[in-house]
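> One predicted model, sequence on top.
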Amino acid sequence: METGEKRFEGACLSGFLALFVLLALLVASCYMFTQGMVVLYIIAIIGIVVSVIGMFGFMIIEPNDVRVMMFFGKYKGTNSNNGFFWVNPFYSKKKLTLRARNLDIAPIKVNDKVGNPIMIGAVLVWRVKDSYKATFDIDTSSMNNMSAQTAAGQFSNRMKSYENFVKIQSDAALRQVAGMYAYDDNENGVNGAVTLRSDNGEISERLEQELNSRLEIAGIEVVEARINYLAYAAEIASVMLRRQQADAIISAREKIVEGAVSMVQLALAKLEKENVVELDEERKAAMVSNLLVVLCADEAAQPIVNAGTLHH
């Protein structure tokens, strides 16, 4: 019993040579048919039938295309040679492409690790890796009706079936990966933890691994997977936006206060070092208070001239 892809070892002749032979046989058969002898009639009919049947043995294989060869239902191998060939016309030749394809996964609503609803989408690059698994290990005929279509139509629908299979598995993998991580550090409660928003590279790598494990059964590999959309769901987006704004304001205030304290310390140290003015502890406290108010205020300070003494 076959379990994997193997190379086609059957007779595979040059298509140009076979075309010349079949055309020569057809011309010779037509000539014998006109001679009026019973024996030549029979030979001519046989030659014409053989020529017509032989025409079904031609195939053209382009780069990164393969043909899955079957003989009356038995898998005979995969032909990946490029060019114009002729094989036994009774071989069934299923076309597959190994070229990379893009798939844009529309944003879906999932819950992150802490249960918040988010919208997440991805884009991935995939291709067929194992022609045997892709042909025999998943049912493409149930996804698309290919019973009364041309070979080109069957190939197109077969690839659409693979794309549909990849899309369904991608949705499932994306849901699973998104549920393993929090949206950001504030939700997770642990600084430095891997999150969906800040660790896109690691999340994409985890998604790629999950997809490859799911698609291996179909002989498909994911070359690259990337998160291309990430946002809170509409019902909590406004609340989370206000919280993010509050976090940003707090962070900015911390920086402002830190800078203001450093500037006040520098000012006091410089005044004391250069003996510009003698300040007691009460005046130092007043100066610190005034400087902090000026440096930390949202609006520019309004200058006020003190017309009295330093103590009034």
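Structure's in. What do you need? Residues are numbered from 1 along each chain as shown.
> Strands of the stretch 201-312 of the chain, residue ranges please.
Counting by DSSP state E, counting those that start in this stretch, the stretch 201-312 of the chain has strands at residues 220-232.
> Could you list the low-confidence segments of it?
Confidence mapping of the stretch 201-312 of the chain against pLDDT under 70 gives the ranges 236-237, 239-240, 276-279, 292, 294-312.
> Please enumerate the helices of this protein.
Using DSSP state H, the helices assigned to the chain run over residues 15-33, 38-54, 131-136, 151-178, 185-188, 200-215, 234-274, 281-296.
> Just the mean pLDDT for the fifth one, thanks.
It refers to helix 185-188. The pLDDT scores in helix 185-188 average 60.
> can you check stretch 104-114 too?
89.
> Looking at the helices of the chain, which is nearest to residue 110?
Distance to residue 110, taken as Cβ to Cβ, is lowest for helix 151-178 among those, at 4.5 Å. C-beta coordinates here come from the backbone N, C-alpha and C atoms, glycine included.
> Okay, buried residues for the closest one please.
154-155, 157-159, 161-163, 165-166, 169-170, 173-174, 177-178 (16 or more other Cβ atoms under 10 Å).
> now the angle between helix 200-215 and that helix, please.
Counting by axes from the mean of the first three to the mean of the last three Cα atoms, to 10 degrees, helix 151-178 lies at 130 degrees to helix 200-215.
> Let me know whether residue 117 touches residue 231 as I believe.
No: using Cβ atoms under 8 Å as the test, residue 117 is too far from residue 231 to be in contact (10.4 Å).
> Look up the pLDDT of residue 160 for me, please.
On the pLDDT scale, residue 160 gets 87.
> Distance check, it against residue 221.
19 Å (Cβ to Cβ, to the nearest Å).
> What are the neighbouring residues in contact with residue 123?
The contact partners of residue 123, taken as Cβ atoms under 8 Å, 6 or more residues apart in numbering, are 102, 103, 104, 105, 225, 226, 228.
> for residue 91, same thing?
By Cβ under 8 Å, 6+ apart, residue 91 lies in contact with 10, 57, 69, 70, 71, 76.
> Skipping its backbone neighbours, what lies nearest the fifth one in space?
With sequence-adjacent residues excluded and distances taken as Cβ to Cβ, 6 or more residues apart in numbering, residue 71 is closest to residue 91, at 5.6 Å.
> ok, now residue 221?
residue 129 (4.3 Å).
> what about that neighbour, how many residues close to it?
18 (other Cβ atoms under 10 Å).
> Phi, psi for it please.
phi -110, psi -40 (degrees, to the nearest 10).
> what's near enough to touch it?
98, 219, 220, 221.
> now do residue 18
Going by Cβ under 8 Å, 6+ apart, the list of residues near residue 18 reads 54, 57, 58, 86.
> wait, isn't residue 130 in contact with residue 66?
No: in this structure residue 130 lies outside contact range of residue 66 using Cβ under 8 Å: 10.5 Å.
> And the two? Which one has more around it.
Shown here are residue 130 and residue 66; by other Cβ under 10 Å, residue 66 has more neighbours (24 against 18).
> so the more buried one bridges to which residues?
residue 96 (DSSP bridges).
> next one: the one 4 residues further on
On DSSP bridges, the residues paired with residue 70 through beta bridges are residue 75, residue 92.
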